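Novice: Next one to model:
(2 chains)
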Amino acid sequence: MRENAQLLLVSGLLMSITVIAVSTTITHSVNMGQHQGERHDLTPLISSLESHFPLALQYEVENTNATSEDCFETVSEDFESLFLRRGYSLSFQLVSVTENSGSYDFSYGFEVSDGTLSILFSNQTVSF
Amino acid sequence: MKNTKGQMHVLEVLLVATLFTSSINVAVNILPTSDANNSENNDLYFEGLEILEMLDKWVPSNSSIAKTHHNSTLSWWLSTGNKSSIKQYLDSGLPTSISYNLDAQHGDTVENIVSRAIPSGSVVQSFRILWVDNEIWDLSLKLWYGYRDG
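Specialist: Numbers count the residues shown, from 1 in each chain, chains lettered A, B, ... in the order given. Below you'll find the model as predicted:
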């Protein structure tokens, strides 16, 4: 009777280990399959942000009466929503802004992500 | 006798477990991976992103034009409505097996830059956001594999 119980216990343990191994294998294969061969390249998006965001910011600052912080927020929200529409997460953060006799120095960072790859630029500056 | 019987049971269980694991592994391995149908579209998407990026970063040879349009040929051509040059660039830059349609949205205006009938099949949409004529322009480049008419 005792031997039967031991046998049952060992069998149960073996089956449990087997089920865990199989489910782990399946999960791993499915995860690999979902991303295998995918290309994650944010370079074209980053070049777009580096070239055109400062121009939009400069125009907003020079042509509205809003504070420089509000201008930054307006322009960054425009870009963030456009990127979101295309399936990318974009987030700007203003670090500092200084104004000196009509000249502006913005220091900011941004993070862009396609859901798998995420890149953070923490030290961007623009002066005009 | 009882001990032998018990060992046999253990061996049977091990055999069943191994067979079960093996059959599941074989089944998973022969399944097509999810990217099998998407890799071409993925390539097409990046082809679109890169060709727009190249035109954007292409500095006009005339320094005055380059300065006015922030060193971007794409901004210059969009600003001056030079749709034929954009079409010519894309026609020669994209492989002939790829057809496309290019739209631009800026402010409340949506304009067609290169017009082609979009097929009902698989179409990939690349994009580029840029600053032209004091407005944010959102370019949509729809790409598909097929005959390029016109």
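Novice: from here on, contacts and neighbour counts on C-alpha atoms
Specialist: Will do.
Novice: quick one: secondary structure of the residue nearest the centre of chain B?
Specialist: For chain B, the residue nearest the mean C-alpha position is B:Tyr45 (1.1 Å; C-alpha atoms, centre = their mean). The local conformation at B:Tyr45, judged by DSSP: H, G, I helix; E, B strand; the rest coil, is helix.
Novice: tell me the domain ranges of chain A?
Specialist: A:1-37, A:43-127 (automatic domain parsing).
Novice: So what touches stretch A:95-104?
Specialist: A:68-69, A:105-109, A:127-128 (C-alpha atoms under 8 Å, 6 or more residues apart in numbering or on different chains).
Novice: Closest to A:Leu84 out of these?
Specialist: A:Gly109 (17.5 Å; C-alpha to C-alpha).
Novice: Show the contacting residues for the closest one.
Specialist: Counting by C-alpha under 8 Å, 6+ apart, A:Gly109 has contacts A:92-95, A:120-124.
Novice: Could you identify the buried members of those?
Specialist: The neighbour-count test (16 or more other C-alpha atoms under 10 Å in any protein chain shown) marks A:92, A:94 as buried among the contacts of A:Gly109.
Novice: Output the contacts of A:Gly109 in JSON lines, with secondary structure and pLDDT appended to each entry.
Specialist: Formatted as JSON lines, those follow (DSSP: H, G, I helix; E, B strand; the rest coil; pLDDT from 0 to 100):
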{"residue": "A:Phe92", "secondary structure": "strand", "pLDDT": "92"}
{"residue": "A:Gln93", "secondary structure": "strand", "pLDDT": "92"}
{"residue": "A:Leu94", "secondary structure": "strand", "pLDDT": "91"}
{"residue": "A:Val95", "secondary structure": "strand", "pLDDT": "90"}
{"residue": "A:Leu120", "secondary structure": "strand", "pLDDT": "92"}
{"residue": "A:Phe121", "secondary structure": "strand", "pLDDT": "89"}
{"residue": "A:Ser122", "secondary structure": "strand", "pLDDT": "88"}
{"residue": "A:Asn123", "secondary structure": "strand", "pLDDT": "83"}
{"residue": "A:Gln124", "secondary structure": "strand", "pLDDT": "86"}
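Novice: starting at the chain centroid, how far to the helix ranked longest in chain B?
Specialist: Looking across chain B with DSSP state H, the single longest helix is helix B:2-30. Taking the mean of its C-alpha atoms, helix B:2-30 sits 46 Å from the chain's own mean (C-alpha atoms, centre = their mean, to the nearest Å).
Novice: Against which helices or strands is that helix packed?
Specialist: helix A:2-35 (3 or more C-alpha pairs under 8 Å, 6 or more residues apart in numbering or on different chains; DSSP states H and E).
Novice: near chain B, anything from the helix it packs on?
Specialist: Yes: judged by C-alpha under 8 Å from any C-alpha of the partner chain, helix A:2-35 and chain B are in contact via A:3-4, A:7, A:10-11, A:14-15, A:18, A:21-22, A:25-26, A:29-30, A:33-35.
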